[in-house]
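**Student:** Whatever this is, show me its structure:
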Amino acid sequence: MPTEAPGLTVSVVVPTAGRSAALAQVVAAALAGEPAEVVVVDDRPDPTPGLGLPDDPRVRIVAGGGQGPAPARQAGAQAAVGDVVLLLDDDVVAAPGLVSGHAARHAARDEVVVVGAMPVDLGPSEPRPRYPRALYAADYARRVAGWEADPAEVLERLWMGNVSLRRTDALRVGLHNPDYRGYRHEDRDFGLRCRAAGLQGVFAPQLRAAHRYARAPEAFFADARAQGAEQAQLARLHPDAAVAKRASDLLTGVPGPLRPVLLLATRRGAATVLRAVMRGLLTLAGTVRADGAALRLAQIRRRVEQLDGWARPGVGQ
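**Tutor:** Okay, the predicted model is just below:
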């Protein structure tokens, strides 16, 4: 029997590209919250192998077509039957009370986008290299601090993974924007469009989930490059948003002496050289298990990738 707030049903929507080893756990934890259903959007290019999901009649699998996270969320919301759609990433494991907590927020207030907490668990047994998860966790902590300091930042800098809204609002705004092409800042685009549509963002840290974030180093840096490349799209679609309009905008917090060196990454040949040097240094740091040095080097290489992506958004590595 669903335990959502009286009168409201919740559909949990989980898009997956098949990369998360935690997917079965994500679905099982969501089911424990007694939603109306869990809609898994299978966005793999080849959906032939099974996903290994729990055998439960509330689990529905919807084809995503391999178009990326935003179209997959859109497909899930369109297929959902609940009054509220709770959008979980495929590596975000709900804590007890998450589903009912999101429902209660929407029962108390209309036209809101509710963002729950999903901190990354950094334990002593963290596998090497440790820097992808450590840097991601630090980024997320800064984002949370911004939301807590200024509630307007919730939609200005939306971070998907543990987010809910009324299904009617999701379909009215559109989880997928056909004019936006990318996979790293599509959540910011959606948040800004929600704000323009009159919705309000609410950060609810009590609505917790655990983020089982994991990236191989080169995938982590590819994400960083995409972050830089997509800044131009955000600036074009949302000219009043706080996005990078100059290369120097991507260097916030970088010490002065390092800034001119990193700005060389806006030149293609220099970016190639800097990338190769940083890759070699990171390999050396990993060999000698110098985790602190690897973290600092990864911070520098990530800036290189962001700047290279910003300068050449249509060119791959």
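**Student:** Looks like residue 99 contacts residue 29 (just checking).
**Tutor:** No - Residue 99 is beyond contact range of residue 29, at 9.5 Å (criterion: CB atoms under 8 Å). Backbone N, C-alpha and C define where each C-beta goes, glycine included.
**Student:** Settle it for me: which of these two has more neighbours?
**Tutor:** residue 99 (31 against 22; other CB atoms under 10 Å).
**Student:** Tell me the spacing between that one and residue 64.
**Tutor:** 22 Å (CB to CB, to the nearest Å).
**Student:** can you check residue 306 too?
**Tutor:** 28 Å.
**Student:** and residue 150, how many residues sit next to it?
**Tutor:** Close neighbours of residue 150, defined as other CB under 10 Å, add up to 11.
**Student:** who's in contact with residue 306?
**Tutor:** 224, 225, 227, 228, 250 (CB atoms under 8 Å, 6 or more residues apart in numbering).
**Student:** quick check, the last one in a strand?
**Tutor:** No - when classified by DSSP: H, G, I helix; E, B strand; the rest coil, residue 250 is found to be helix rather than part of a strand.
**Student:** Could you tell me which of the contacts of residue 306 are located in helices?
**Tutor:** 224, 225, 227, 228 (DSSP state H).
**Student:** would JSON lines of these with distance to residue 172, pLDDT and neighbour count be doable?
**Tutor:** Output for these, formatted as JSON lines (distance: CB to CB, whole Å; pLDDT from 0 to 100; neighbours: other CB atoms under 10 Å):
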{"residue": "224", "distance to residue 172": "33", "pLDDT": "95", "neighbour count": "23"}
{"residue": "225", "distance to residue 172": "33", "pLDDT": "94", "neighbour count": "25"}
{"residue": "227", "distance to residue 172": "28", "pLDDT": "91", "neighbour count": "20"}
{"residue": "228", "distance to residue 172": "31", "pLDDT": "91", "neighbour count": "27"}
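**Student:** which one among the residues you listed gets closest to residue 189?
**Tutor:** residue 227 (12.9 Å; CB to CB).
**Student:** hang on, the earlier thing: which one of the contacts of residue 306 sits closest to residue 206?
**Tutor:** The closest of the contacts of residue 306, once distances to residue 206 are taken by CB to CB, is residue 227, at 29.1 Å.
**Student:** Could you pull up the contacting residues of that closest one?
**Tutor:** By CB under 8 Å, 6+ apart, the neighbours of residue 227 are 184, 185, 306, 309.
**Student:** Of those residues - the most surrounded one?
**Tutor:** Neighbour max across the contacts of residue 227 (other CB under 10 Å) = residue 309, 28 neighbours.
**Student:** residues touching that residue, list them.
**Tutor:** Residue 309 is in contact with 224, 225, 226, 227, 228, 229, 230, counting by CB under 8 Å, 6+ apart.
**Student:** Strands of the stretch 51-200 of the chain, residue ranges please.
**Tutor:** Remark: strands assigned in the stretch 51-200 of the chain by DSSP state E, counting those that start in this stretch are 59-63, 84-88, 92-94, 112-117, 162-166, 200-211.
**Student:** What are the buried residues along the fifth one?
**Tutor:** Within strand 162-166, the residues that qualify as buried are 162, 163, 164, 165, 166, counting by 16 or more other CB atoms under 10 Å.
**Student:** quick one, what contacts residue 289?
**Tutor:** residue 128.
**Student:** how far away is it from residue 133?
**Tutor:** Distance of residue 289 to residue 133, computed by CB to CB: 16 Å.
**Student:** For the protein, give me the ranges with low pLDDT.
**Tutor:** 1-6, 48, 123-126, 314-317 (pLDDT under 70).
**Student:** Geometric centre of it: which residue is closest?
**Tutor:** residue 160 (4.7 Å; CA atoms, centre = their mean).
**Student:** so where do the helices sit in the protein?
**Tutor:** Counting by DSSP H, the helices of the chain are 23-32, 69-79, 98-108, 131-149, 153-156, 167-173, 186-196, 217-237, 259-263, 268-287, 291-311.
**Student:** what's in contact with the third one?
**Tutor:** Read it as helix 98-108. So helix 98-108 is in contact with 3-10, 12, 30, 33-35, 83-84, 86, 112, 114, 116, 162, 164-166, 202, 204, 206-209, going by CB under 8 Å, 6+ apart.
**Student:** list the buried ones in it?
**Tutor:** In helix 98-108, counting by 16+ other CB under 10 Å, buried: 98, 99, 100, 101, 102, 103, 104, 105, 106.
**Student:** Tabulate the residues you listed (JSON lines), appending distance to residue 217.
**Tutor:** Putting those into JSON lines (distance: CB to CB, whole Å) gives the following:
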{"residue": "98", "distance to residue 217": "31"}
{"residue": "99", "distance to residue 217": "35"}
{"residue": "100", "distance to residue 217": "39"}
{"residue": "101", "distance to residue 217": "35"}
{"residue": "102", "distance to residue 217": "34"}
{"residue": "103", "distance to residue 217": "39"}
{"residue": "104", "distance to residue 217": "40"}
{"residue": "105", "distance to residue 217": "37"}
{"residue": "106", "distance to residue 217": "39"}
